[in-house]
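Q: could you look at this predicted model? Sequence included:
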Amino acid sequence: MKKALIIGTGSIAKKHINNLYQLKYAIYIFSNSKNKVKLNNKDIKLNYISSLKNLKNFDFAILANATFRHLNFLKILVKKKIHIYCEKPIFHKKFNFLKMKNEIKKNKILFFTGYQLLQHEKVIFLKKKLKKEKILSFNIEVGHDYKKWRSGNIDKTRYFLNKDKGGGVIFELIHEINLIQNLLGKIIYIKTLKKKSNKNYNLEDLAVSIIKTKKNIIGLLHQDMVSPIFYRRIKILTQRNLYYLDIANNIFKINKKKIKLNISDNFHQSLLKKNLINFIKLIDNNNKSLEYFEQSISDLKVALKMHKI
């Protein structure tokens with residue numbers, strides 16, 4: 001049986017565990033503490049390891065722990081020549097990743113990212129449409145209440161509520177930065193205004209940015225991690241059409257015409273599973289592309305500019 005290692009025990013790790021179980025993988029959890037993963041499905045067998053010294057028998061590892069802990073584990077996994085699925089963002093501070101990039105290439109491993117929105121059928125459909133268009137401007141908005149998004153006890157000790165540990169709205173909702181760079185081109189200019197709603201937390205929870213891409217496209221990005229209503233909307237204006245994609249409500253329109261796509265979207269689990277399957281296929285096809293690693297670094301650089309770091 002194939003073996004997968006998961007580093008992390010939180011809500012994202014649990015989603016990966018369920019998907020790996022369905023894909024018939026033996027699941028190993030790295031934990032150097034007494035913390036155990038509590039699952040609703042009692043049929044899932046978990047194996048725990050407390051050391052990363054011997055990783056030769058693992059097909060890949062999933063990095064799903066706190067953002068500020070990513071770097072040390074990345075160094076270990078790359079050195080051990082283990083294929084890596086890394087949840088976003090890759091890190092939250094400036095770091096020279098050139099040496100790591102060269103090691104990934106030298107050790108012939110695949111680095112992949114947890115940007116599952118790229119597997120969304122409507123996003124794929126939209127990207128194909130935009131290839132034939134001259135894009136003029138865009139408006140991308142995302143909002144959710146982190147108390148509903150994250151599981152477990154919510155207090156200021158959690159890393160996603162501390163910008164010094166990779167928390168806050170910009171890193172928490174970095175998906176949209178990745179979407180912009182995939183759909184509209186590399187971001188070459190960004191100016192961000194941020195707002196802090198809760199004085200007890202070391203983070204900003206609302207950010208609005210003006211953006212210009214390398215393709216000379218300008219637009220707005222709105223990120224909100226305390227919205228009581230979940231929304232995820234993309235508006236893109238071209239010379240011929242206005243594209244509107246409302247992911248939260250499963251609506252896609254070109255101008256005023258609704259486009260029906262015969263798909264069923266489970267925003268969380270199914271997209272995560274598709275992304276994981278895509279990662280496994282790339283490994284099976286011996287794909288060692290560096291594009292996913294380079295994209296993660298590019299997204300991080302944009303996020304750091306938004307934080308003025």
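A: Ah, there it is.
Q: show me the strands in the stretch 51-200 of the chain, by range?
A: Taking DSSP state E, counting those that start in this stretch, the strands of the stretch 51-200 of the chain run over residues 60-63, 84-86, 111-113, 135-145, 187-195.
Q: export these to CSV and tack on distance to residue 54 and mean pLDDT?
A: C-betas here are computed from N, CA, C, even on glycine. Putting these into CSV (distance: least, C-beta to C-beta, whole Å; pLDDT from 0 to 100) gives the following:
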stretch, distance to residue 54, mean pLDDT
strand 60-63, 13, 98
strand 84-86, 17, 98
strand 111-113, 21, 97
strand 135-145, 40, 97
strand 187-195, 41, 98
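Q: which among the ones you listed is found nearest to residue 40?
A: Of all the strands of the stretch 51-200 of the chain, strand 60-63 sits nearest to residue 40, with 19.6 Å by C-beta to C-beta.
Q: need the residues that contact the closest one.
A: For strand 60-63, the external contacting residues (C-beta atoms under 8 Å, 6 or more residues apart in numbering) are 4-8, 13, 16, 55, 70, 73-74, 77, 82-87, 110, 279-280, 283.
Q: again with stretch 283-299
A: By C-beta under 8 Å, 6+ apart, the residues outside stretch 283-299 that reach it are 59-60, 83, 86, 88-90, 97, 101, 104-105, 108-113, 115, 174, 177-178, 181-182, 186, 282.
Q: with stretch 198-206 instead?
A: 146, 156, 161-164, 167-170, 194-197, 223-226.
Q: how about a cut-off of 6 Å?
A: Here stretch 198-206 makes contact (C-beta atoms under 6 Å, 6 or more residues apart in numbering) with 156, 161-163, 167-169, 194-197, 224-226.
Q: with neighbour count added, can I get the residues you listed in JSON lines?
A: Formatted as JSON lines, those follow (neighbours: other C-beta atoms under 10 Å):
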{"residue": "156", "neighbour count": "12"}
{"residue": "161", "neighbour count": "22"}
{"residue": "162", "neighbour count": "18"}
{"residue": "163", "neighbour count": "22"}
{"residue": "167", "neighbour count": "26"}
{"residue": "168", "neighbour count": "27"}
{"residue": "169", "neighbour count": "27"}
{"residue": "194", "neighbour count": "19"}
{"residue": "195", "neighbour count": "12"}
{"residue": "196", "neighbour count": "14"}
{"residue": "197", "neighbour count": "13"}
{"residue": "224", "neighbour count": "21"}
{"residue": "225", "neighbour count": "27"}
{"residue": "226", "neighbour count": "15"}
